[in-house]
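Participant: Give me coordinates for this.
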Amino acid sequence: MSEQHEMPGAVPQESACADDELVLYLDLEAVACPGLLVSVPARLRYRPEDPYAVCLDTHVDLDEPITWIFARGLLTTGLTGWAGLGDVTVHRGTGPGSATLFIALTADDTTAVLHAPATLVAAFLTATEHLVPYGSEPLHIDVDDLILRLMEADGPPVA
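Facilitator: Sure, this is the predicted structure:
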């Protein structure tokens with residue numbers, strides 16, 4: 001039975017999400033310049049068929065959302081320490097900012113630092129663990145389908 005599990009948040013829910021997907025709608029804040037935060041409607045998505053990945057869709061002034069795909073473990077680690085290298089880094093704030101999870105997204109020479117409510121992200125990750133417990137991810141990957149898709153895309157391997 002296919003179903004979509006939604007968690008409350010502020011992003012309009014008229015999105016085209018796949019079945020069997022956990023979705024968290026939330027308002028992130030982006031640092032526009034020092035002292036100025038701009039609201040960024042967003043959603044986190046998790047599908048058991050892609051058990052290692054979390055999608056972050058940001059809804060800015062474009063026809064389609066901008067989607068970032070990164071490891072579920074990156075968010076999990078970022079809740080308690082620094083996580084990630086390169087395009088995506090995640091860490092929790094300290095002191096007065098400890099309720100905030102900072103997600104830095106880098107493309108080309110531009111970095112956007114998004115502020116997310118750490119408790120909502122933690123609840124989302126707990127819900128993903130109910131769908132796919134940590135360590136059981138390989139059991140949720142259809143290897144035969146993956147091989148078939150790879151062969152269709154590139155043709156048979158050359159000996």
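Participant: Helix, strand, or coil at Thr77?
Facilitator: helix (DSSP: H, G, I helix; E, B strand; the rest coil).
Participant: Roughly how far does it sit from Asp61?
Facilitator: 32 Å (C-beta to C-beta, to the nearest Å). Every C-beta, even on glycine, is put in place using the N, C-alpha and C of the backbone.
Participant: With neighbour numbers in mind, choose between those two.
Facilitator: Using other C-beta atoms under 10 Å, the more surrounded residue of Thr77 and Asp61 is Thr77, with 15 against 4.
Participant: OK, contacts around that one?
Facilitator: Thr77 sits next to Ala83, Val90 when contact means C-beta atoms under 8 Å, 6 or more residues apart in numbering.
Participant: Find me the pLDDT at it, would you?
Facilitator: On pLDDT, Thr77 comes in at 96.
Participant: try the one 4 residues further on
Facilitator: According to the model's per-residue confidence, Gly81 sits at a pLDDT of 93.
Participant: close enough to count as contact, it and His91?
Facilitator: Yes - if you go by C-beta atoms under 8 Å, Gly81 and His91 touch, sitting 6.8 Å apart.
Participant: the more surrounded of the two?
Facilitator: Each of Gly81 and His91 has its neighbours counted (other C-beta under 10 Å); His91 has more, 18 against 9.
Participant: Alright, I will stop here.
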